[in-house]
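> No sequence on hand, only this structure:
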């Protein structure tokens, strides 16, 4: 059973940066595409970014393109989300999730518990 744990969240000022990590245990990550999702207060959860199992393919929602970068280190069993130029509207609980086939924001099989990112002055 794949287990995912997010880390790296916290509070940052607008324009700042954070790097989220999604560490896996119980299985190797290289069989899975990994997505990052977020849920802001009072809003539905949305897919933010996804990286294929090999790392060759990535997708982003429009609101984070050019600011966020997803990457993975299969040897370390970890996926990262580098978040730059953060805005208050990026404030949310961020989750990583795994799916067996290619990137998509549905059909996730395993989920982490989430980590809070707060962007505020």
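Nice, thanks for sending it over. Just so it is clear, the structure is predicted and the values come from calculations on it, not from any experiment.

> host element of the residue nearest the centre of the chain?
Centroid-nearest residue in the chain, with Cα atoms, centre = their mean: residue 36, separated by 2.7 Å. Using DSSP states H and E, residue 36 maps to strand 33-39.

> Quick one: list the elements packing against the next helix or strand after that strand.
Following strand 33-39 in sequence order, the next helix or strand is strand 46-51 (DSSP H and E). If contacts are counted by 3 or more Cβ pairs under 8 Å, 6 or more residues apart in numbering; DSSP states H and E, strand 46-51 sits against strand 33-39, strand 58-60, strand 68-73, strand 78-83. C-beta coordinates here come from the backbone N, C-alpha and C atoms, glycine included.

> Just checking: what are the partner strands of strand 46-51?
strand 33-39 (antiparallel), strand 58-60 (antiparallel) (DSSP bridges).

> export the ones you listed to TSV and tack on mean pLDDT and distance to residue 50?
Shown next, in TSV, are the strands paired with strand 46-51 (pLDDT from 0 to 100; distance: least, Cβ to Cβ, whole Å):
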stretch	mean pLDDT	distance to residue 50
strand 33-39	98	4
strand 58-60	97	5
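
> mind checking which of these is nearest residue 111?
Nearest of the strands paired with strand 46-51 to residue 111, taken as Cβ to Cβ: strand 33-39 at 8.4 Å.

> is it true that residue 35 touches residue 47?
Yes: Residue 35 lies in contact with residue 47 (Cβ atoms under 8 Å); the separation is 5.8 Å.

> more neighbours, those two?
Per other Cβ atoms under 10 Å, whichever of residue 35 and residue 47 has more neighbours is residue 35, with 26 against 19.

> Count the residues that sit near the closest residue to that one other than its chain neighbours.
Closest residue to residue 35 apart from its sequence neighbours, by Cβ to Cβ, 6 or more residues apart in numbering: residue 50 at 4.1 Å. Number of residues near residue 50 (other Cβ under 10 Å) recorded here: 24.

> Mind listing the residues bridging to residue 50?
Applying DSSP bridges to residue 50 gives these bridge partners: residue 35, residue 59.
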